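Trainee: Next come a sequence and a model predicted from it.
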Amino acid sequence: MDITRTELMDRVHALVPAFAERAQKTEENRAPLDETITDLIDSGILATLTPKEYGGLELGLDVAAEIVRTISAVCPSTGWVTSFYIGAAWRVNIFTEQAQREVFADKPYTLTAGTAAPLGQVQKVDGGYRITGQTAWNSGSVHAEWFTFAGVVFEEGSAPTPLWFLVPREDVKVLDTWYIAGMSGTGSNDISVDDVFVPDYRTGPFALALAGAAPGQLIHPNPMYHLPFLPFAMAEVTPVVVGALRGAADAFVQRTKDRQGTISQEKASGKQAAQMRLGRALAAADAAETLLDAFFERLTAQRPEQSDPRDRAEMKLKAAYLADLARNALNDMVRGIGGDGYRTSAPIQRFFRDLSVLSVHAFLDIDTASETIGRFTLDLPVADPLL
């Protein structure tokens, strides 16, 4: 039975109080709690972007963004993993139809983790490839059933060929490496493979996916599945940033209401500086949400230039700017939270650490994204492997 956007969001809002209550435990666990994953599965949220052909909801990217933004406003780590699990249903379409049907054979969602960083060793063999290496930043690795790896194939007489590889959990080793100051609850561990065989049908063409033209993408008529990879990846991460900023602003409102000077006993809410800082925080959260809406409006519009490297670079800069805006806004907030605002039990310090980490993500680095657009504008060569 089809589920409407309204019905799905009702389910999301019903889960939010539990996700908020679990936020600190999620951080301490360094991964989403088992009950959180169960809630995500049982609610049907993870099938948001799965093609209807595989039993999914095939709703829009804007729906996925609303889900992620809502959850991230109470727990960015849970929002992040939710986003990548929802988005995995889109990313699996980069692989062959046979691989897609294997992944969705018994359920309309996929718990898949992976990174874009290339593996150290890829060897072509009869019927497929053998891969060896270790990658970091595999968000959602603790509960993942499938993993994706990137690698470059070097064959004599041919240009280097970048590929994606899809590997089941039993063929990988999850390394307990996720110790970090922010986004602690994402379980983004290192993953290693040692001479693992990957059949041809579980590979996907990286270069074609960058342009949204992998054969596995094109078997689906919905243009949502034909987007270039990088703008889609930005669509996974930006709602987390914007949701986290809204959550931080809400926490700052509460902190300002509750805070009282230890010595002066003066209420922070009565101070002009606190009122001004609060106004700026709310304005920043509103601005970020407006920019996010504009990002998705441009992303989902069918434009002939959307596969051009310049256009992809512009989308990357818009995402990076959002992250920079959020980081600067939160830096302004935390100047006025007092020592108690940094206690473990205070949500705002978690938002501060989470956004600090998010804003230096490779996809969201403002310096790299700005430089790329600067070089395009000045007609200088651009060498970004993700464009």
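Mentor: Good, I have the coordinates.
Trainee: hey, let's count contacts and neighbours off CA atoms from now on
Mentor: OK.
Trainee: Tell me how far residue 174 lies from residue 274.
Mentor: The spacing between residue 174 and residue 274, counted by C-alpha to C-alpha, to the nearest Å, is 46 Å.
Trainee: The two - which one has more neighbours?
Mentor: Legend: neighbour count by other C-alpha atoms under 10 Å for residue 174 and residue 274, higher for residue 274 (21 against 18).
Trainee: Work out the gap between the strand or helix carrying that one and the centre of the chain.
Mentor: Element membership for residue 274, per DSSP states H and E: helix 272-300. Centroid separation between helix 272-300 and its chain, computed with C-alpha atoms, centre = their mean, to the nearest Å, is 20 Å.
Trainee: So what angle separates the directions of the helix or strand immediately after it in the chain and helix 272-300?
Mentor: Using DSSP H and E, the helix or strand that follows helix 272-300 in sequence is helix 309-334. Using axes from the mean of the first three to the mean of the last three C-alpha atoms, to 10 degrees, one finds that helix 309-334 and helix 272-300 are set 160 degrees apart in direction.
Trainee: Which strands or helices does helix 309-334 pack on?
Mentor: Under the contact criterion of 3 or more C-alpha pairs under 8 Å, 6 or more residues apart in numbering; DSSP states H and E, helix 309-334 touches helix 229-258, helix 272-300, helix 347-358, helix 366-377.
Trainee: Could you give the average pLDDT over it?
Mentor: The average pLDDT within helix 309-334 is 94.
Trainee: Just the angle for it relative to helix 366-377, thanks.
Mentor: Calculated by the same axes, to 10 degrees, helix 309-334 forms an angle of 150 degrees with helix 366-377.
Trainee: Give the buried residues for helix 309-334.
Mentor: Buried positions in helix 309-334, judged by neighbour count with 16 or more other C-alpha atoms under 10 Å: 309-310, 312-327, 329-330, 333-334.
Trainee: quick one: it to chain centroid distance?
Mentor: Put simply, helix 309-334 sits 14 Å off its chain's centre (C-alpha atoms, centre = their mean).
Trainee: try stretch 182-189
Mentor: For stretch 182-189 - counting by C-alpha atoms, centre = their mean - the centre lies 12 Å from the chain centre.
Trainee: hmm, who's touching it?
Mentor: Contacts to stretch 182-189, defined as C-alpha atoms under 8 Å, 6 or more residues apart in numbering, come from residues 26-32, 76-78, 80-81, 136-142, 174-178, 350, 353-358.
Trainee: if you set the cut-off to 7 Å instead, what comes out?
Mentor: The contact list for stretch 182-189 (C-alpha atoms under 7 Å, 6 or more residues apart in numbering) reads 26-27, 29-32, 76-78, 80-81, 136-142, 174-178, 353-354, 357.
Trainee: Also stretch 77-96?
Mentor: Stretch 77-96 is contacted from outside by 32, 46-50, 68, 71-72, 100, 109-112, 139-140, 183-186, 201-204, 209, 214, 216-217, 225, 236, 240, using C-alpha under 7 Å, 6+ apart.
Trainee: Please work out the average pLDDT along that stretch.
Mentor: Mean per-residue pLDDT for stretch 77-96: 98.
Trainee: Next, the buried residues of stretch 251-271.
Mentor: For stretch 251-271, the neighbour count (16+ other C-alpha under 10 Å) marks 251, 252, 253, 255, 256, 259, 260, 268, 269 as buried.
Trainee: Mind putting the helices and strands packed on helix 309-334 into JSON lines with distance to residue 159 and mean pLDDT?
Mentor: Formatted as JSON lines, the helices and strands packed on helix 309-334 follow (distance: least, C-alpha to C-alpha, whole Å; pLDDT from 0 to 100):
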{"stretch": "helix 229-258", "distance to residue 159": "22", "mean pLDDT": "95"}
{"stretch": "helix 272-300", "distance to residue 159": "31", "mean pLDDT": "95"}
{"stretch": "helix 347-358", "distance to residue 159": "35", "mean pLDDT": "96"}
{"stretch": "helix 366-377", "distance to residue 159": "25", "mean pLDDT": "95"}
